Every structure is written in structure tokens, then in C-alpha cells.
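Enquirer: Next come a sequence and a model predicted from it.
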Amino acid sequence: MRPRLPRPTVLALAAMVLAVPALVSAAEVKLVRVWPEYRSAASFVRIAEYFGAKEKAPEAVVRSRPESREGFYFLTRFKSDQTLPGSMIALEYVLPGEDQARVQFFPVDVPKGSRAILAGLTGADWPGAKTEPTAWRLRLLGPEGTEVAREQSFLWSLPSAPAPATPAAAAEPTTANPPPAS
């Protein structure tokens, strides 16, 4: 004779088995910190390169122009409870003197655990060592293209300023607010 499991136990086991796919599909990714800074090409050279080895950095490095190392980088630390292959970093930034944001995409594979990724605007994509972005926003897009995490500079969160009045409009008198009589 075969022992029978009580019905509540069978139902609880079935519920746990059905809940596992839902838990696995919802990855939790935290963007721990973003450090933006300009880096020279020399800052990437390791001693092994002098002996013929290829570039090897402690963090994953992605560049807008892979042939150039010098540029403005966003060192980003992610913490993920599962691997996210085929993800994308979307970096939006505004340069000084410009009012339109530029966008750069970097394909990345986010591993499980804590990992730093260095995303760089290099070569012709960055104007020079003295330039810093006016505002920036960094978003991690999952394999499906949905936003998983984001971080942005303070200035990115400010509302857009109203357009300045044109000189012709400023010179025209308005009837709504006449000047005070003296």
C-alpha cells in the first residue's frame, strides 16, 4: 500500500513549483553608484601590455570608439541577483553649450553579483580633457529592452528652462502690464 500525502501538502508543493518561474523572470538589479570622470589613455596601460599582452582591466570596459582609450568614462557598479546577458547601457548626456542630449548605447552582459562596468565616450565622441557633461542619465536596459535600473545627474532632473524672449518681443510694449505712472 502506498502512503498518501495530505492534500494541503500537495497544494503547497504545486504552488511553490508554479511560483518559481515568476521569481526567476523578475531580476532585481541595483545601480549601486556611478563615478563620471575623464581618463587619459595612459591610465589604462598595465604592466603586462609592455610585454605584449592585451588590455586587461579589473572591470568590464566598453567604449564608443574601441580603437581609442582616452575619453570621458562612467564607472558604474551594478548588483544583480541573476545574469542578464544581452543587456544595454543607454547613456544620455548634454555637452556644455548644447541644448540637445546625445545618446550612446553600449552592449553589456551583466553578471550575477556585484560588477563594475566602465562605459566610455572616446575618440571623436568626446571633445577633450577639460570638458565635463552638463547633465547625464545612465540607464540599464534588460535583454527585452525594458529599463532595469537608472541613475542621473542632478541637472538632468531639472525641468527645461523656458525659451528666452526674442529681442523684438521684449521691445514691444504690452497692454496687460503698463508701466507705472510717475
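Expert: Received it, and whenever you're ready, just let me know what you need.

Enquirer: Okay, now the unreliable bits of this structure?
Expert: For the chain, applying pLDDT under 70 flags the ranges 1-26, 160-182.

Enquirer: list the helices and strands the host helix or strand of residue 36 packs on?
Expert: In the assignment (DSSP states H and E), residue 36 maps to strand 29-39. Judged by 3 or more CB pairs under 8 Å, 6 or more residues apart in numbering; DSSP states H and E, strand 29-39 is in contact with strand 71-80, strand 135-141, strand 147-152. Backbone N, C-alpha and C define where each C-beta goes, glycine included.

Enquirer: if I pick the residue lying closest to residue 60 once chain neighbours are set aside, what's in contact with it?
Expert: Counting by CB to CB, 6 or more residues apart in numbering, the nearest residue to residue 60 once its immediate chain neighbours are dropped is residue 117, at 4.7 Å. With contact taken as CB atoms under 8 Å, 6 or more residues apart in numbering, residue 117 is in contact with 59, 60, 61, 62, 75, 76, 77, 78, 89, 108, 110.

Enquirer: Just the buried residues out of these, in PyMOL syntax.
Expert: Selection of the buried residues among the contacts of residue 117 in PyMOL, burial being defined by 16 or more other CB atoms under 10 Å:
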select buried, resi 60+61+62+75+76+78+89+108+110
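
Enquirer: Could you export the contacts of residue 117 as CSV, including distance to residue 129?
Expert: Shown next, in CSV, are those (distance: CB to CB, whole Å):
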residue, distance to residue 129
59, 21
60, 24
61, 19
62, 20
75, 17
76, 21
77, 24
78, 27
89, 23
108, 25
110, 30
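
Enquirer: What is the nearest of the contacts of residue 117 to residue 158?
Expert: Checking the contacts of residue 117 against residue 158 by CB to CB gives residue 76 as the nearest, at 22.0 Å.

Enquirer: related to what we said a few turns ago, got a markdown table for the helices and strands packed on strand 29-39, with distance to residue 40 too?
Expert: Output for the helices and strands packed on strand 29-39, formatted as a markdown table (distance: least, CB to CB, whole Å):
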| stretch | distance to residue 40 |
| --- | --- |
| strand 71-80 | 9 |
| strand 135-141 | 20 |
| strand 147-152 | 24 |
